[in-house]
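Visitor: need a 3D model of the sequence below.
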Amino acid sequence: MNRIVNVNKPKGLTSFGVVKELKKFCNIKKVGHLGTLDPLATGVLPVFIGKATKLIPLFDKLDKEYRATFKLGEQTDTFDTEGKITKTAHIGHLTCEQIERCVSKYQGVQKQLTPVFSAVKYNGVPGYRLARAGKAIERKSRVIHIESICIESIKLPFVAVRVKCSKGTYIRSLVDDIGQELGIGAHLVELERVAVGSCFSLSNACQLEELKQFGEHDNFPFYINPVDVLNDLKTITVTDKEQNQLIHGQPIAIDADLFSFPCHDEGTNNLVKAINSQNLLIAIGRVVVQNKSCQFNPSKIFV
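Guide: So this is what the prediction gives:
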């Protein structure tokens, strides 16, 4: 089984927990997910099954989109409801205009400090383990991009926002920064990921319980053909003979006129997918010129 399934992760379960469940009731060992969600969070969690796990690096840098609700006037050590309250403040003086101005400041490219309670490693040890042991650590800084952040509702002390951001953005840290900017503290109450890139959204997500009902059957209606999420890659359709060559790691000759980029280009855009007549993904590789002929060299095989 080489499939992708977009799971609507339930609250309280880790991303690894979703993978563990899938391994069990799909009866398959090779399963991986794209983009980790905290146990508190719900929403879009693309899961790659079987040899489709080889595709994960191609999607690893996709932008994410979230709906988040945070509470003003309370700061916690984990930046969400899972932690201990470390600061409280009155919010009666706050106006909607002040909140809106503060939130809008966080749109654009910026540096963000990762939360202490996170999976970010320090000398090989996840930060949350060190934090739970009471050890002080220096939070790491990373460059992120908040493409858009807009307020959906303000019902004090709660504020709901929608955020589109780059990989590696911690919404918990964003909320904590907003709380500190306002001088009253804040922490994340609810988080839902609504999209990962343009391929994965709540509209094509399924519930974990639905997957369990189908088990290892290959006809689950929510399974996504890997070909359908590789629209950015140019396509070649191969014959049975050529498919057999690719399976054995052998290059195949192709028509250079099919491609607008130079065959010798080593850029990412040079990646090409090979499919068969049944629209199944056979391989991904690069187009190169050798001895005045154009050929497709497979780098990842999916059958």
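Visitor: residue ranges with poor pLDDT in the protein?
Guide: 1, 123, 127, 131, 214-220, 256, 258-269, 290-292 (pLDDT under 70).
Visitor: contacting residues for residue 43?
Guide: 8, 9, 37, 66, 191, 192, 193, 194, 202, 205 (Cβ atoms under 8 Å, 6 or more residues apart in numbering). In short, each C-beta sits where N, CA and C put it, glycine included.
Visitor: try 10 Å
Guide: 6-11, 37, 64-67, 191-196, 200-202, 205 (Cβ atoms under 10 Å, 6 or more residues apart in numbering).
Visitor: name the nearest residue to residue 271, sequence neighbours excluded.
Guide: Leaving aside its sequence neighbours, residue 271 sits nearest to residue 233 (Cβ to Cβ, 6 or more residues apart in numbering; 5.4 Å).
Visitor: for residue 153, see how far away that neighbour is.
Guide: Using Cβ to Cβ, to the nearest Å, residue 233 is found at 40 Å from residue 153.
Visitor: neighbour count: the two, which is higher?
Guide: Neighbours per residue, other Cβ atoms under 10 Å: of residue 233 and residue 153, the larger number sits with residue 233, 16 against 9.
Visitor: residue 250 reaches residue 297, doesn't it?
Guide: Yes: the criterion here is Cβ atoms under 10 Å, and residue 250 meets it with residue 297 at 9.1 Å.
Visitor: neighbour count: those two, which is higher?
Guide: Shown here are residue 250 and residue 297; by other Cβ under 10 Å, residue 297 has more neighbours (16 against 12).
Visitor: where does the more buried one fall, phi/psi-wise?
Guide: phi -100, psi 110 (degrees, to the nearest 10).
Visitor: OK, contacts around it?
Guide: Residue 297 neighbours (Cβ under 10 Å, 6+ apart): 246, 249, 250, 251, 252, 272, 283, 285, 286, 287, 288, 290.
Visitor: where's the first one relative to residue 223, distance?
Guide: From residue 246 across to residue 223, the span is 23 Å (Cβ to Cβ).
Visitor: swap in residue 28?
Guide: From residue 28 to residue 223 the distance is 13 Å (Cβ to Cβ).
Visitor: can you check residue 141 too?
Guide: Taking Cβ to Cβ, one finds residue 141 at 40 Å from residue 223.
Visitor: those two: which is more packed in?
Guide: residue 223 (18 against 10).
Visitor: after the strand or helix carrying residue 176, next one along is what?
Guide: Residue 176 belongs to helix 171-182 when assigned by DSSP states H and E. Once the chain leaves helix 171-182, the next helix or strand it forms, by DSSP H and E, is strand 186-196.
Visitor: does anything pack onto that next one? Which helices or strands?
Guide: strand 3-9, strand 42-49, strand 64-72, strand 74-76, strand 85-88, strand 158-165, helix 171-182, strand 200-201 (3 or more Cβ pairs under 10 Å, 6 or more residues apart in numbering; DSSP states H and E).
Visitor: out of the ones you listed, nearest to residue 115?
Guide: Closest approach to residue 115 among the helices and strands packed on strand 186-196 is made by helix 171-182 (5.3 Å; Cβ to Cβ).
Visitor: tell me what angle that closest one forms with strand 186-196.
Guide: Per axes from the mean of the first three to the mean of the last three Cα atoms, to 10 degrees, the angle that helix 171-182 makes with strand 186-196 is 140 degrees.
Visitor: show me which residues of helix 171-182 are buried.
Guide: Neighbour counts using 16 or more other Cβ atoms under 10 Å place 171, 172, 173, 174, 175, 176, 177, 178, 179, 182 of helix 171-182 among the buried residues.
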